[in-house]
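Novice: Quick one, fold the following:
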Amino acid sequence: MYITNPTHMLTGNAYRPSLKCPPLKGKFQLTRADRIGVERLLSLGLTAECPNPTLIEGFLHHKLRLARPAPEPTPANLVVAGRLVSFMTNGGRARSGMLTFVPADDAGCIPVTSFLGATILGMQKLQKAPLLREDGWIDTLVVLDVSGT
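Specialist: Numbers count the residues shown, from 1 in each chain. The predicted model follows:
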C-alpha cells in the first residue's frame, strides 16, 4: 500500500501510532551547568575538531532533548563534567577518566566531544547504555563508579 498524502492518517487497523516514550527517554539527567556547556559546544562549533563532528553534534542535540533536569544538589552518583568516572565496556577491563568539556592531551581526560564522553554525560552509577564506537560497532557501556565534586 502506498501513502499518497503523508499528512493524512490511515484509518482502521492499517496504522496504529505508538505513544510510548523512546527507550532512553528520561534515563539521562543533565545539570544546568552541563546543559549550558553542551549548548555552548554546539553553538560555537567546537565539535568541528572531533573525529566525526556531524554524528557527535547530532548525538549531543539528541541528549539535550532526552535528558531531564538533574535534581539540586547534584547527586554524588551522577556523571557530570569535572567528575572522575570508572566504566567498563562489553566485559572488558575497568577504565577511568575525568569527564571534561575542554579536550586535553591528558590520557585520563574524557572529552564530551567524544562518543564515550557524549554517552557517559548524565548517566548514573551502575547504569548501562549503548555506546557507538568510531568503527561503527555498538558496545554496552556500564558506569561502575563516580567520584569528585
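Novice: quick one: L131 and A118 touch, right?
Specialist: No: contact criterion C-beta atoms under 8 Å: L131 and A118 do not qualify, at 9.5 Å. For every residue, glycine as well, the C-beta is placed using N, CA and C.
Novice: quick check: mean pLDDT across the helix or strand encompassing F59?
Specialist: Using DSSP states H and E, F59 falls within helix 53-66. The predicted model gives helix 53-66 an average pLDDT of 91.
Novice: again with stretch 96-109
Specialist: The average pLDDT within stretch 96-109 is 86.
Novice: What would it look like as PDB? C-alpha coordinates only.
Specialist: Taking C-alpha atoms only, stretch 96-109 is exported to PDB below (Å, rounded to 0.1, in the frame of the first residue of the first chain):
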ATOM      1  CA  SER A  96      38.500   5.600  34.400                       C
ATOM      2  CA  GLY A  97      38.900   9.200  33.400                       C
ATOM      3  CA  MET A  98      37.800  12.800  34.100                       C
ATOM      4  CA  LEU A  99      34.900  14.000  32.100                       C
ATOM      5  CA  THR A 100      35.600  17.400  30.600                       C
ATOM      6  CA  PHE A 101      34.200  19.900  28.100                       C
ATOM      7  CA  VAL A 102      37.700  21.000  27.000                       C
ATOM      8  CA  PRO A 103      39.700  18.300  25.200                       C
ATOM      9  CA  ALA A 104      43.200  17.800  26.600                       C
ATOM     10  CA  ASP A 105      46.200  15.700  25.800                       C
ATOM     11  CA  ASP A 106      45.900  14.100  29.200                       C
ATOM     12  CA  ALA A 107      45.300  10.300  28.800                       C
ATOM     13  CA  GLY A 108      42.900  10.500  31.800                       C
ATOM     14  CA  CYS A 109      40.600  13.100  30.100                       C
END
